[in-house]
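Asks: here is a sequence with its predicted model. Questions after.
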Amino acid sequence: MDTPWELFKQAARLEEPERIPVGLIVDSPWLPGYAGIDTRDYFLFPEKWLDINLGLLERFPDVAWIPGFWVEYGMAAEPSAFGTKMRFYTDRPPSIEPLVPDLAFWAQAKPINPQEDGLMPLVLRLYETMDERLQAQGLAIRMVCARGPMTAASWLVGMTPLMMALATEPERTSKLLDTVTTSIIRWLRAQLDVLREPEGIMLLDDLVGMVSPQHYEEMIHPHLRRIFDAFDGLIRVYHNDTPCPHLLESLAEANFEVFNFSHKVDAAEVKAKMGHRVALMGNVPPLDLGVRGTPAEVAQWAKECLDKGAPGGGMILSFGGGVSPGTLPENIDALVAAARRWPSKG
């Protein structure tokens, strides 16, 4: 029988696996609380990090965890390389304070060095050592991640100044996004280089969904496309759970295989607009159902999602976003059960 990761790859290639894969994005917003530990301990003690992530494979053997064994400090890795201020907490990932809202300052910035800057060298070292240990157990880290150019840039100048600058200072904004994009490509390559058997990347950028079609085409699409083009041959996942039906046709041209999208956009609409060019990963509400719902409610939404998105292949059942803090394990079980039952009407 194919593993969850093999099923995920088949669906990413727009195939119809023997059963619908369940793929869930999981990281520090959920895992420390799920395991009942201090969030700082999750970051600080590698053995706890390893035990928790290995435990997911035992507790949920039918789920493809995306990226799986993710070494991250919330969203802090990319902005930390540019020198942002970070605050760590007991019960949630670190917060980041934008540095300088002046685009003139960032127009002169240079791309980062992942081997030396911010938290990145620590991430790389932990990936290297943990992948070696996992290989000895017959496991591996298959995918690496980065925040996308808009999200990463927003941590440097602030979200509102960045969004305004798209219209008021397009040249300086383009220079900043170009520098950040080069940095992201370096960061992803550095992570891939320390792993023995990498097979995919994931880019996460919700802010893209907030821009107009014109600004997307002129100022953002070239950067997304440059990132995904740099990793041809790998499974490329794009996460954007901001509702953005106005961008779906354009996003389908960004050269990624899998789109993790908002539960606020109908799966049938996403499939119709993106065509059979991109695999869909979604789109059960992560908070209203994953955290607050019952297994029966999760299963019903999941079935409706699969009825709309799964025919013809290229469907991965997931939440419409990452696994939210407080997500109930039994609601993940309900996703798995719904995927196994489909297309049964029962």
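Replies: Looks like it came in fine. Computed from a prediction, not measured in an experiment: that's the story for all the values here. Numbering: from 1, shown residues only.
Asks: so how far is Ile235 from Leu162?
Replies: As judged by Cβ to Cβ, to the nearest Å, Leu162 and Ile235 stand 29 Å apart. Every residue, glycine included, has its C-beta placed from N, CA and C.
Asks: so what's the residue count around Ala268?
Replies: If you count neighbours by other Cβ atoms under 10 Å, Ala268 ends up with 13.
Asks: does it touch Gly309 like I think?
Replies: Yes. Using Cβ atoms under 8 Å as the test, Ala268 is close enough to Gly309 to be in contact (7.1 Å).
Asks: what residues are up against Val63?
Replies: The neighbourhood of Val63, defined by Cβ atoms under 8 Å, 6 or more residues apart in numbering, consists of 4, 22-24, 56, 332, 335-336.
Asks: switch the cut-off to 10 Å
Replies: If a contact means Cβ atoms under 10 Å, 6 or more residues apart in numbering, then Val63 has 4-5, 8, 21-24, 26, 56-57, 317-318, 323, 332-333, 335-336, 339 as its contacts.
Asks: quick one: pLDDT of the nearest residue to it once chain neighbours are set aside?
Replies: With sequence-adjacent residues excluded and distances taken as Cβ to Cβ, 6 or more residues apart in numbering, Val63 is closest to Val22, at 5.0 Å. What the model reports as pLDDT for Val22 is 98.
Asks: over to Gly346?
Replies: pLDDT, Gly346: 41.
Asks: for the residue nearest to Val63, list each beta-bridge partner.
Replies: Val63, Leu317 (DSSP bridges).
Asks: quick one: low-confidence ranges for the stretch 201-346 of the chain?
Replies: Residues of the stretch 201-346 of the chain meeting the criterion pLDDT under 70: 344-346.
Asks: which stretches of the stretch 51-200 of the chain form strands?
Replies: With DSSP state E, counting those that start in this stretch as the criterion, the stretch 51-200 of the chain has strands at 63-66, 85-87, 95-97, 143-147, 200-204.
Asks: any chance of those in CSV, plus distance to Leu176?
Replies: Listed next are the strands of the stretch 51-200 of the chain as CSV, based on distance: least, Cβ to Cβ, whole Å:
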stretch, distance to Leu176
strand 63-66, 29
strand 85-87, 19
strand 95-97, 16
strand 143-147, 14
strand 200-204, 17
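Asks: quick one: which of these is nearest Ile184?
Replies: strand 143-147 (4.9 Å; Cβ to Cβ).
Asks: what packs against that closest one?
Replies: The contact analysis (3 or more Cβ pairs under 10 Å, 6 or more residues apart in numbering; DSSP states H and E) places strand 143-147 against strand 63-66, helix 77-81, helix 120-136, helix 149-157, helix 170-193, strand 200-204, strand 235-240.
Asks: look up how far Val26 lies from Asn53.
Replies: Distance of Asn53 to Val26, given as Cβ to Cβ: 9 Å.
Asks: scratch that, Asp117
Replies: According to Cβ to Cβ, Asp117 stands 26 Å off from Val26.
Asks: compare these two (neighbour count), which wins?
Replies: Ranked by neighbour count (other Cβ under 10 Å), Asp117 and Val26 place Val26 first, with 24 against 19.
Asks: which non-adjacent residue is nearest the more buried one?
Replies: Residue nearest to Val26 in three dimensions, not counting chain neighbours: Val323, with 4.8 Å by Cβ to Cβ, 6+ apart.
Asks: wasn't that neighbour part of a strand?
Replies: No. Per DSSP: H, G, I helix; E, B strand; the rest coil, Val323 lies outside any strand segment and is coil.
Asks: for the closest residue to Ser154 other than its chain neighbours, what are its contacts?
Replies: In space, and not counting its chain neighbours, Ser154 is closest to Leu162: 5.0 Å by Cβ to Cβ, 6+ apart. By Cβ under 10 Å, 6+ apart, the contact list for Leu162 reads 98, 101, 103, 106, 150-151, 153-156, 169, 173, 176-177, 207.
Asks: most widely separated two among these?
Replies: Among the contacts of Leu162, Thr151 and Glu169 lie farthest apart (Cβ to Cβ), at 18.8 Å.
Asks: quick one, which of these two is more surrounded?
Replies: It is Thr151, of Thr151 and Glu169, that has more neighbours when counted by other Cβ under 10 Å, with 23 against 18.
Asks: what distance do you get for the more buried one to Thr181?
Replies: Counting by Cβ to Cβ, the gap from Thr151 to Thr181 is 12 Å.
Asks: and Ile332, what element?
Replies: In the assignment (DSSP states H and E), Ile332 maps to helix 329-341.
Asks: correct me if wrong: Ile68 contacts Val26.
Replies: I think there's a mix-up here, since residue 68 is Gly and not Ile. Yes. Counting by Cβ atoms under 10 Å, Gly68 touches Val26, with 8.2 Å between them.
Asks: so what sits against both of the two?
Replies: Residues touching both Gly68 and Val26 (Cβ under 10 Å, 6+ apart) are 53, 56.
Asks: can you list the buried residues in stretch 245-257?
Replies: Judged by neighbour count (16 or more other Cβ atoms under 10 Å), stretch 245-257 contains these buried residues: 247-248, 250-252, 254-257.
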